[in-house]
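Asker: structure for this input, please:
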Amino acid sequence: LTNTTTEVLMRSLTTFAPRWVRAAIATTTAVALVGSALVERPATACPFCSAAQLTLSEELKQNDATVICKLVVRPPEQSADAPPEASQCTFEVVEALKGEDVLARQPGAKKPYQIKILYFGEQPIGTTFLAFGIDPANLAWGTPTVLSPRAVEYVRRLPKLPESGPGRLEFFQDYFEDADSLLASDAYDEFAKAPYTDLVGLKAKMPREKLIGWIKDPNVSTSRRRLYLCMLSVCGQADDVALLEGLIRNEDRQVRTALDAMIGSYLSLKGPEGMTLVENLFLKNAEAEYTDTYSAIMALRFIGQETTAISRERLIEGMRHMLSRPKLADLIIPDLTRWQDWLVMPRLVELFKNSDEESSWVRVPVINYLRACPLPEAKKHLEELAKIDPDAVRRASMFFPQAAPADGSQPAAGAAPAAATPPASAVPAAPAGS
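Answerer: Reported below is the predicted structural model:
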């Protein structure tokens, strides 16, 4: 397929399908792009969050016409052999948010504009909807979305918002946990896709008390709780540390959900003194569950890439504890590579040599570490390990053709482990955690 054909197909799918189907398409696309997550990119407002679907603003931009309309005519029940057009409902356009000129050019167009949409829902006549259309020459309309009166006012304001920045997020945060699920979901997705710098810029206007209430609420979804914890890491106060520590120590998994963002918020507010708790519970502790350990690693990545709360040296010290847990050591070797911790080279070489069936996952990350390391002994170790497991070397070269440090730098030979503060705009993309 050509790029143009693919674009048309994707636009058709994301326009005509119901919102839950469009959400599934967005999720599948994200999974297909996991490989690109190995390259650092500007962070989203919540590095622990994943947007569920296209935002309403994104849908408005990608379609040729967007209208608020009301259902005026529902056709009688049709026979099985009737053409699809016979089952189309008639909608009257109340307001064109985009593409009124396109509507005016449609055959037989006259105000108030009427459009035909294949709709099988059971909403009564007079119900208000949001509808998107593509193809200016002959508008084709996707499945419409029901709008409450509050949602009508919400979508009317979308085209007037700033394209980006804290001012845009300030509008959406007023709809967190809104009674209208469409608005609550769209507000979350806007934050999940916004730059992290915008979140930091919103600090003074964040509703701290509400955030704490939602974090404590067991009925709040895990994904949204992650967002609220990430926001608390920006606007939180010293008084909030005790709350976060209590949640982290709680053994009830329902209480401790969104642990990655919870630890990230705790470390952001507590600073270096918070590392001991995280190390003892999740990094040094061989009995810690995999999901908890992974959440702690994700949090350390967040702190190292997004904040100056804890130095790189102290974070590396914490990461190194995982080298004493060979079965999980592969989780942090890319971080040590990215942060140019060349002092652990002898330990990694030994991990490679001593790995068994349960810890063989470390081999490819170790090879990539050595490929990225500028020290002369790294090349010697590569040659040595290639004789032990040439397949691991081939796999590393196949899946990771370039093994330069993820920050894009080319360290000079003999460079010491990097401990400088990272740019606030770079964070490795990551799975959602536990």
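
Asker: residues touching stretch 206-223, excluding its own?
Answerer: Stretch 206-223 has contacts (C-beta atoms under 8 Å, 6 or more residues apart in numbering) with 49-50, 52, 173, 176-177, 188, 192, 224-225, 228-229, 231-232, 234-237, 240, 243, 247, 254-255, 257-258, 432. Where you see a C-beta, it was placed from the backbone N, CA and C, and this is true even at glycine.

Asker: and those, which are buried?
Answerer: Among the contacts of stretch 206-223, those scoring as buried are 49-50, 52, 173, 176-177, 188, 192, 224-225, 228-229, 231-232, 234-236, 240, 243, 247, 257-258 (criterion: 16 or more other C-beta atoms under 10 Å).

Asker: mind naming the longest helix for this protein?
Answerer: If you go by DSSP state H, the chain has its longest helix at helix 290-306.

Asker: where does the prediction get shaky in this protein?
Answerer: Scanning the chain for pLDDT under 70 picks out the ranges 1-43, 402-434.

Asker: could you pull out the strands for it?
Answerer: 41-42, 65-73, 88-98, 114-118, 128-134, 140-141, 145-146, 426-427 (DSSP state E).

Asker: and the ones you listed, which is most packed in?
Answerer: Of all the strands of the chain, strand 128-134 carries the top mean neighbour count, a mean of 23, counting by mean count of other C-beta atoms under 10 Å.

Asker: so what are the sheet partners of that strand and their directions?
Answerer: Strand pairing for strand 128-134, determined by DSSP bridges: strand 65-73 (antiparallel), strand 140-141 (antiparallel), strand 145-146 (antiparallel).

Asker: how about a markdown table for the ones you listed, with distance to Asp81 added?
Answerer: Converted to a markdown table, the strands paired with strand 128-134 look like this (distance: least, C-beta to C-beta, whole Å):
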| stretch | distance to Asp81 |
| --- | --- |
| strand 65-73 | 22 |
| strand 140-141 | 23 |
| strand 145-146 | 30 |
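
Asker: so which of those strands gets nearest Met398?
Answerer: Closest to Met398 of those is strand 140-141 (C-beta to C-beta; 43.0 Å).

Asker: any idea how far the closest one is from the middle of the chain?
Answerer: Here the centre of strand 140-141 is set off from its chain's centre by 30 Å, with C-alpha atoms, centre = their mean, to the nearest Å.

Asker: ok, now stretch 202-214?
Answerer: Using C-alpha atoms, centre = their mean, the offset of stretch 202-214 from its chain centre is 21 Å.

Asker: now do the buried residues in that stretch.
Answerer: Using 16+ other C-beta under 10 Å as the test for burial, stretch 202-214 gives 202, 206, 211-212, 214.

Asker: Asp198 is nearest to which of the strands of the chain?
Answerer: Per C-beta to C-beta, nearest to Asp198 of the strands of the chain: strand 41-42, 10.4 Å.

Asker: list the contacts of Lys70.
Answerer: Contacts of Lys70 by C-beta under 8 Å, 6+ apart are 91-92, 94, 126-129.

Asker: which of the buried residues of stretch 202-214 fall in helices?
Answerer: Within those, membership in helices is found for 211-212, 214, as judged by DSSP H.

Asker: closest to His381 out of those residues?
Answerer: Looking across those and measuring by C-beta to C-beta, the closest to His381 is Leu211, at 47.9 Å.

Asker: and the gap between that closest one and Val234?
Answerer: As for Leu211, its distance to Val234 is 10 Å (criterion: C-beta to C-beta, to the nearest Å).

Asker: find the residue at the geometric middle of this structure.
Answerer: Centrality entry for the chain: nearest residue to the mean C-alpha point is Ser50, 2.9 Å, by C-alpha atoms, centre = their mean.

Asker: that one and Asp189 touch, don't they?
Answerer: No: the criterion here is C-beta atoms under 8 Å, and Ser50 misses it with Asp189 at 9.4 Å.

Asker: in the longest helix of the chain, which residues are buried?
Answerer: Judged by neighbour count (16+ other C-beta under 10 Å), helix 290-306 contains these buried residues: 292-306.

Asker: and Phe356, how far from Pro346?
Answerer: Check again: residue 356 is Asp, not Phe. The gap separating Asp356 from Pro346 is 19 Å, by C-beta to C-beta.

Asker: sorry, that was for Glu273
Answerer: Glu273 is 30 Å from Pro346, by C-beta to C-beta.

Asker: identify the residues contacting Lys270.
Answerer: By C-beta under 8 Å, 6+ apart, the residues touching Lys270 are 241, 244-245.

Asker: now, those that are in helices?
Answerer: Going by DSSP H, the helices hold 241, 244-245 from these.

Asker: ok, of these, which one's closest to Met398?
Answerer: Closest to Met398, out of all of the ones in helices among the contacts of Lys270 and judged by C-beta to C-beta, is Leu244, at 41.9 Å.

Asker: which stretches of the stretch 151-300 of the chain form helices?
Answerer: Using DSSP state H, counting those that start in this stretch, the helices found in the stretch 151-300 of the chain span residues 166-173, 181-193, 196-201, 208-216, 222-235, 240-249, 259-270, 275-278, 290-306.

Asker: same list, those helices, but as JSON lines with distance to Val102 please.
Answerer: Formatted as JSON lines, these follow (distance: least, C-beta to C-beta, whole Å):
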{"stretch": "helix 166-173", "distance to Val102": "26"}
{"stretch": "helix 181-193", "distance to Val102": "24"}
{"stretch": "helix 196-201", "distance to Val102": "32"}
{"stretch": "helix 208-216", "distance to Val102": "41"}
{"stretch": "helix 222-235", "distance to Val102": "36"}
{"stretch": "helix 240-249", "distance to Val102": "50"}
{"stretch": "helix 259-270", "distance to Val102": "43"}
{"stretch": "helix 275-278", "distance to Val102": "55"}
{"stretch": "helix 290-306", "distance to Val102": "42"}
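
Asker: looking at those helices, which is closest to Phe400?
Answerer: Of all those, helix 290-306 sits nearest to Phe400, with 18.0 Å by C-beta to C-beta.
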